[in-house]
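> Provide a 3D model corresponding to the input given below.
(one chain, ligands or ions: 2)
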Amino acid sequence: MISVNTAWALMMKTIRPLEAERVPLEHSAGRILRESLKADRDYPPFDRVAMDGYALAFAKWESGGLRFAVQDMQTAGQSPKTLTGESTCIEIMTGAKLPEGCDLVIRYEDTERDGDTVVIQPGLVLNPYSNIHRQGVDCLSGLVFHDGIMKAPVAALAASFGYPEVLVTRRARISIIGTGDELVAINASPKDYQIRASNIHAVRMALDAAGHDVISCETLADQRAHILNEVRSALERSDIVLLSGGVSAGKTDFIPSVLADCGVLKVFHKIAQKPGKPLWFGQTEAGKTVFGLPGNPVSTLICFYRYVLPYLEAMSGAPKRERGRVELLARTASSPKLTHFIPVQLSWGSDAKMRAEAPLHNGSGDFSSLTGTHGFIEVPGENEPDFNPSQTLFTYYSW
Ligand code: AMP
Ligand code: MG
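Numbers count the residues shown, from 1 in each chain. Ligands and ions are numbered 1, 2, ... in the order given. Reported below is the predicted structural model:
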């Protein structure tokens, strides 16, 4: 049985990066940006008035002028006016281009209005271009920005620079298949020996929340021939096939042999971890990737968040995630050979450190114990390079 680190390294060797596609900016949230965004002009593109008030010539104020005739008014979006005459000013609004002949803006708060005249408070500390956001100070025309993930600040850049569409990684096409004779649909009334299938819905929601493209999601009975057909067609239409259940040693655990018949080459089966030991992973020659997730609901979810989601991120070219580490105070020492994934609730300690607490549970079938948890921590087993029996800080994965 291989270690968690070895399993992950083997998975990473199979990564085939997804191609890029151009999509409307408004549909690009969370996608990985695959082009640099180039400033089409200086930013700000003009000397931008940064305060509502009065624009005038600095030299006039510096030489002692405190009373100015208000010549005109200019709002944001108007073409700039020109200052004329001696001891005049232009009433000006934030966002306007600085009027010709002005190099100072005085805030309303620092003035008093007297009919068509404005009186400036004495003793202000001002410099040339005070309250003006000067052209090009943020970035010069032609400067390029590259920021991995499409989030609000990148959307603001893209929109300002005139990108109605952006080049991003295409979404992976993902099929989900749960197997088990005991499984029935959500709206069915289960017989006393049946349960409603929950894993496919949990995995689907996790994929939806992460912005992936689930193209099909179904539950199949443990009938080998039917599973074979369905897995074959899922492989044809998908980049990734996620299976749940049927990967252990039971008499109806057909998944490993079905996958062999479908031409999915096994990379590994079983990892020294708890829960999720029977995880199966492989790929076809064409690069279709299959995860055979163990059916126990906690195992399915932990394997999903520990391996599947990071795998999808790697395929998309996402920047590597920095994972936080949290402190687990009460550490249990059962089967130290295995890496343990422990669902936890997080809270801030009085020392401003994040603490993890592991609620009691009844094993990997007990999905009700996940209620109220925020994610899980990884406690390395003896065969992991980072094994350390006195360790109290552990890598954290959130749901
Ligand atoms: P298996 O991996 O098929 O041996 O299943 C292990 C356990 O997980 C069994 O108790 C199954 O009933 C349960 N299980 C398998 N698939 C699902 C599913 N889609 N939803 C909920 N429980 C499941
Ligand atoms: Mg089963």
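
> Pop the domain breakdown of the chain in here.
For the chain, the structural domains run 4-20+171-316, 21-43+141-169, 48-133, 325-398, going by automatic domain parsing.

> TSV for the ones you listed, including mean pLDDT and mean neighbour count?
Placement of C-beta: from N, CA and C, glycine included. Output for these, formatted as TSV (pLDDT from 0 to 100; neighbours: other C-beta atoms under 10 Å):
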stretch	mean pLDDT	mean neighbour count
domain 4-20+171-316	98	19
domain 21-43+141-169	96	15
domain 48-133	98	17
domain 325-398	91	15
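
> Columns distance to ligand 2 on top of those domains, output as a markdown table?
Output for those, formatted as a markdown table (distance: least, C-beta to the ion, whole Å):
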| stretch | distance to ligand 2 |
| --- | --- |
| domain 4-20+171-316 | 4 |
| domain 21-43+141-169 | 33 |
| domain 48-133 | 63 |
| domain 325-398 | 12 |
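
> Could you tell me which residues of the stretch 51-200 of the chain lie near ligand 1?
Residues of the stretch 51-200 of the chain lying near ligand 1 by C-beta under 6 Å from any ligand atom: G178, G180, E182, L183, I195, A197, S198, N199, I200.

> Show me what the fourth one is bridged to.
Same thing as L183. Judged by DSSP bridges, the bridge partners of L183 are I195.

> residues in contact with it?
For L183, the contact set (C-beta atoms under 8 Å, 6 or more residues apart in numbering) comprises Q194, I195, R196, A197, T219, A221, G245.

> Now do stretch 101-113: everything it contacts.
Outside stretch 101-113, the residues touching it (C-beta under 8 Å, 6+ apart) are 49-58, 61, 70, 82-84, 89-90, 92, 98, 118-121, 124, 126, 128-132.

> how about 7 Å then?
Contact with stretch 101-113 is made by 49, 51-58, 61, 82-83, 90, 92, 118-121, 124, 126, 128-132, as judged by C-beta atoms under 7 Å, 6 or more residues apart in numbering.

> Turn the residues of the stretch 51-200 of the chain next to ligand 1 into a markdown table, including distance to G136.
Formatted as a markdown table, those follow (distance: C-beta to C-beta, whole Å):
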| residue | distance to G136 |
| --- | --- |
| G178 | 57 |
| G180 | 63 |
| E182 | 67 |
| L183 | 63 |
| I195 | 64 |
| A197 | 59 |
| S198 | 57 |
| N199 | 55 |
| I200 | 54 |
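
> Looking at those, which is nearest V168?
Nearest to V168 among these, counting by C-beta to C-beta, is I200 at 27.3 Å.

> That closest one reaches C217, doesn't it?
Yes: assessed by C-beta atoms under 7 Å, I200 is found in contact with C217 at 5.3 Å.

> Run through the helices of the stretch 1-150 of the chain in chain order.
Remark: helices assigned in the stretch 1-150 of the chain by DSSP state H, counting those that start in this stretch are 4-13, 58-62.

> Equivalent analysis for the stretch 251-399 of the chain, please.
Taking DSSP H, counting those that start in this stretch to define them, one finds helices in the stretch 251-399 of the chain at 255-261, 297-303, 309-316.

> Select, out of those, the one closest to ligand 1.
When the helices of the stretch 251-399 of the chain are compared by C-beta to the nearest ligand atom, helix 297-303 sits nearest ligand 1, at 5.1 Å.

> Give me the helices and strands touching that closest one, please.
In terms of contacts (3 or more C-beta pairs under 7 Å, 6 or more residues apart in numbering; DSSP states H and E), helix 297-303 is packed against helix 199-209.

> Next, count neighbours for the residue of the stretch 1-150 of the chain found nearest ligand 1.
Relative to ligand 1, the nearest point of the stretch 1-150 of the chain is M1 (17.0 Å; C-beta to the nearest ligand atom). Number of residues near M1 (other C-beta atoms under 10 Å) recorded here: 14.

> What sits closest to P310 if chain neighbours are left out?
Nearest residue to P310, sequence neighbours excluded (C-beta to C-beta, 6 or more residues apart in numbering): R321, at 7.3 Å.

> Tell me how far that neighbour lies from ligand 2.
Counting by C-beta to the ion, to the nearest Å, the gap from R321 to ligand 2 is 32 Å.

> From the structure, what's the count of residues near that residue?
Using other C-beta under 10 Å: R321 sits among 10 other residues.

> so what pLDDT did it get?
With respect to pLDDT, R321 has a value of 91.

> My guess is T82 contacts E100. True?
Yes: using C-beta under 7 Å, T82 makes contact with E100 at a distance of 4.0 Å.

> Excluding chain neighbours, what is closest to P128?
Using C-beta to C-beta, 6+ apart, the nearest residue to P128 is F58, at 4.6 Å.

> I figured that neighbour was touching I132, is that so?
No: using C-beta under 7 Å as the test, F58 is too far from I132 to be in contact (10.2 Å).

> Chain neighbours aside, what residue packs nearest to R171?
Distances taken as C-beta to C-beta, 6+ apart place D213 nearest to R171, at 3.9 Å, with adjacent residues excluded.

> Ramachandran angles for the one you found?
phi -110, psi 100 (degrees, to the nearest 10).

> show me where the stretch 101-250 of the chain has strands.
104-107, 111-114, 117-120, 132-133, 144-145, 165-169, 173-179, 183-184, 195-196, 213-220, 240-244 (DSSP state E, counting those that start in this stretch).

> Understood, closing this out.
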